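Colleague: give me a 3D structure for the following:
(chains A and B)
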Amino acid sequence: MPKHDTPMIDELESGPWPSFVTDLKRQAEKSPQCWDILGKMELSFRDRITHWKHGGIVGVFGYGGGIVGRYSDVPEQYPGVAHFHTVRLNQPSSKFYTTEKLRQVCDLWEKRGSGMTNMHGSTGDLVLLGTTTDQLEPLFYDLTHDLNWDLGGSGSNLRTPSCCLGKARCEYSCIDTQALCHHLTMHYQDEIHRPAFPYKFKFKFSGCPNDCVAAIARSDFAVIGTWRDDIRIDQSQVKGYLNGDYAPNAGAHSGRDWGKFDIEKEVLDLCPTGCMRMNGEELQIDNSNCTRCMHCINVMPRALRPGLEQGATICVGAKAPILDGAQFATMTIPFLKVDPDNEFEEVVEVIEKIWDWWMEVGKNRERVGETIMRIGLPTFLKVMEVDVLPQHIKEPRSNPYVFWGEDEVEGGWDRSVVEFRKRHAQ
Amino acid sequence: MALSKEELKAAILDKAINAPKPQLYVKDFYACDPDSKPRAVKNAANELVKEGKMSFWSSGSTTMYAAKGRAKDEENR
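Modeller: Next up, the predicted model:
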């Protein structure tokens, strides 16, 4: 495949950052179709329109996800990328793998595809970019038989579950995110590999409210570790911070001199609910008003730790801005037990309730967060059998949380307004 | 009463073959048997794909179903 003239694409190499264009040119020495990617991209820049067509019927036998068909609308001009399908591999929980395993994936991809990868895609998968239809089944065979690796989710499937580093690396983690992620990945193999829903559905698991996988912003079903007793305080270590024995934020901001640590300014005044105060040299926290923002714990990790009664908060319905704009997940269940000993029964029960409802009432191509927004949070909470809490309310004065049922109102919903108006002036 | 699995599969396939639109969402098949649970409908549709009587069509973000030969096939256009 010939090298194309790409003046606009070449411009992207001139910035101070590493450029994917440079990467593509390097890869083109081994995989000449990369010259065609650059040429086709140059054409798209010039025409101000994509030259990829939308979707296709490609896949591997028995699977309805994991492969995304991509075809060019200018195949004669750039034959190297006439078909350029994407393959998604299910990443291991927390993305722990050996370099040996990565080399095997890369070697296989150079044999069966373009050699180009995207590690990692937004859902966490290892994304292998660019292969032809005839290579899909051989690739899948090698992947599953030689590498013991499976495809991830795509389309209207459960997408590849993703989690933070959890207890493997992080002292804040209140739940074993890896165990939960792995268990649900295995439990819902059918939903990952075959379409099941009106649209995509994503699980993400964070060990603490720092939410390192951004579950609250990116997943339909976010499990975020939390605690329901009191933040553990070691007053002697609080004094250590006050005396300057330890760097705040575990030294994360030590690049310049910020002056002496000021607990009022750097911790107490920044508490979103103002639930902390100093009584002499003793730090006091009104735990009933703590919103689990994690700021104080992040600043003084030696002195403050999450409580011991640990579990997770379940938030539902985040999504990116395709339709009504981006939305965060809504806190649905403030505290749920996350217990590996009973195979995370409580979490599974919540998931299935959401799915049963959404599969029934969700419209085509409607994320669960959009369904909740369309039908209303009170109905969703009723389906979830959750009592309404003040924390579910966005604007207390315009968004009440006391709702009357038809059976609680005299005459139900069918009462005569005319009769009512005879007794009550408008 | 809900249809048996085989009856449901036959109804889904009939709809996939005769619907004016060549590609349908899984929800479009719910009407084949209002008494069947959505999960049973999707399992039946997926089984038809496994048997080679229907195929998936995916944009990457959404998946649709089509009777064999009715899906938009970029490869053979």
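Colleague: quick one, strands of the stretch 51-200 of chain A?
Modeller: With strands called from DSSP state E, counting those that start in this stretch, the stretch 51-200 of chain A shows them at A:52-54, A:67-68, A:70-72, A:86-89, A:116-119, A:126-129, A:162-163.
Colleague: ranking those by burial, who's on top?
Modeller: strand A:162-163 (a mean of 30; mean count of other CB atoms under 10 Å in any protein chain shown). To be clear about C-beta, it is placed using only N, CA and C from the backbone, and glycine gets the same treatment.
Colleague: neighbouring strands - and their directions - for that strand?
Modeller: strand A:203-206 (parallel) (DSSP bridges).
Colleague: whichever helix or strand comes after the strand it pairs with vs chain B: in contact?
Modeller: The first helix or strand that comes after strand A:203-206 along the chain, using DSSP states H and E, is helix A:215-218. No: using CB under 8 Å from any CB of the partner chain, helix A:215-218 stays clear of chain B, with a minimum separation of 14.4 Å.
Colleague: other SSEs contacting helix A:215-218?
Modeller: strand A:203-206, strand A:221-227 (3 or more CB pairs under 8 Å, 6 or more residues apart in numbering or on different chains; DSSP states H and E).
Colleague: dump those to JSON lines, plus mean neighbour count.
Modeller: Output for the helices and strands packed on helix A:215-218, formatted as JSON lines (neighbours: other CB atoms under 10 Å in any protein chain shown):
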{"stretch": "strand A:203-206", "mean neighbour count": "30"}
{"stretch": "strand A:221-227", "mean neighbour count": "27"}
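Colleague: can these go into a markdown table with extra columns for distance to A:F140?
Modeller: Shown next, in a markdown table, are the helices and strands packed on helix A:215-218 (distance: least, CB to CB, whole Å):
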| stretch | distance to A:F140 |
| --- | --- |
| strand A:203-206 | 24 |
| strand A:221-227 | 28 |
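Colleague: distance from the chain centre to stretch B:54-66, please.
Modeller: Here the centre of mass of C-alpha atoms in stretch B:54-66, compared against the chain's by CA atoms, centre = their mean, to the nearest Å, lies 10 Å away.
Colleague: which residues does that stretch contact?
Modeller: A:54-57, A:59, A:64-65, A:68-69, A:86, A:154-157, A:195, A:199-200, A:364-365, B:12-13, B:16, B:22-26, B:29, B:45, B:48-49, B:67-68, B:71-72 (CB atoms under 8 Å, 6 or more residues apart in numbering or on different chains).
Colleague: the helices and strands packed on helix A:215-218 into TSV, with extra columns for mean pLDDT?
Modeller: Output for the helices and strands packed on helix A:215-218, formatted as TSV (pLDDT from 0 to 100):
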stretch	mean pLDDT
strand A:203-206	97
strand A:221-227	98
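Colleague: mean pLDDT added to the strands of the stretch 51-200 of chain A, as TSV?
Modeller: Compiled in TSV, these are given as follows (pLDDT from 0 to 100):
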stretch	mean pLDDT
strand A:52-54	87
strand A:67-68	94
strand A:70-72	93
strand A:86-89	96
strand A:116-119	92
strand A:126-129	96
strand A:162-163	97
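Colleague: need those strands in TSV with distance to A:R169, can you?
Modeller: Converted to TSV, the strands of the stretch 51-200 of chain A look like this (distance: least, CB to CB, whole Å):
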stretch	distance to A:R169
strand A:52-54	38
strand A:67-68	32
strand A:70-72	36
strand A:86-89	22
strand A:116-119	19
strand A:126-129	20
strand A:162-163	12
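Colleague: who in the stretch 301-426 of chain A is up against chain B?
Modeller: Counting by CB under 8 Å from any CB, the positions of the stretch 301-426 of chain A adjacent to chain B are A:356, A:359-360, A:362-365.
Colleague: just the buried members of those residues?
Modeller: For these, a neighbour count by 16 or more other CB atoms under 10 Å in any protein chain shown gives the buried set as A:359, A:362, A:365.
Colleague: and the pLDDT at the second one?
Modeller: When you say that, I think you mean A:G362. For A:G362, the model assigns a pLDDT of 96.
Colleague: got a list of what it touches?
Modeller: With CB under 8 Å, 6+ apart, A:G362 has these contacts: A:197-199, A:368, A:371, B:27.
Colleague: quick one: low-confidence parts of chain B?
Modeller: Scanning chain B for pLDDT under 70 picks out B:76-77.
Colleague: tell me where it has strands.
Modeller: B:54-58, B:63-67 (DSSP state E).
Colleague: hey, C-alpha coordinates of the last one in CSV?
Modeller: Backbone C-alpha positions of strand B:63-67 (Å, rounded to 0.1, in the frame of the first residue of the first chain) are rendered in CSV as follows:
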residue,chain,number,x,y,z
THR,B,63,-27.8,-4.5,18.3
MET,B,64,-30.7,-5.5,16.0
TYR,B,65,-32.0,-8.8,14.7
ALA,B,66,-32.9,-9.8,11.2
ALA,B,67,-34.1,-12.9,9.4
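Colleague: ok and that strand relative to strand B:54-58, angle-wise?
Modeller: 150 degrees (axes from the mean of the first three to the mean of the last three CA atoms, to 10 degrees).
Colleague: in a strand, A:V386, correct?
Modeller: No: A:V386 is assigned coil when assessed by DSSP: H, G, I helix; E, B strand; the rest coil, not a strand.
Colleague: just the pLDDT at the residue nearest to A:W413 when sequence neighbours are not counted, thanks.
Modeller: Counting by CB to CB, 6 or more residues apart in numbering or on different chains, A:E406 is the residue found nearest to A:W413 once chain neighbours are left out, at 5.2 Å. With respect to pLDDT, A:E406 scores 85.
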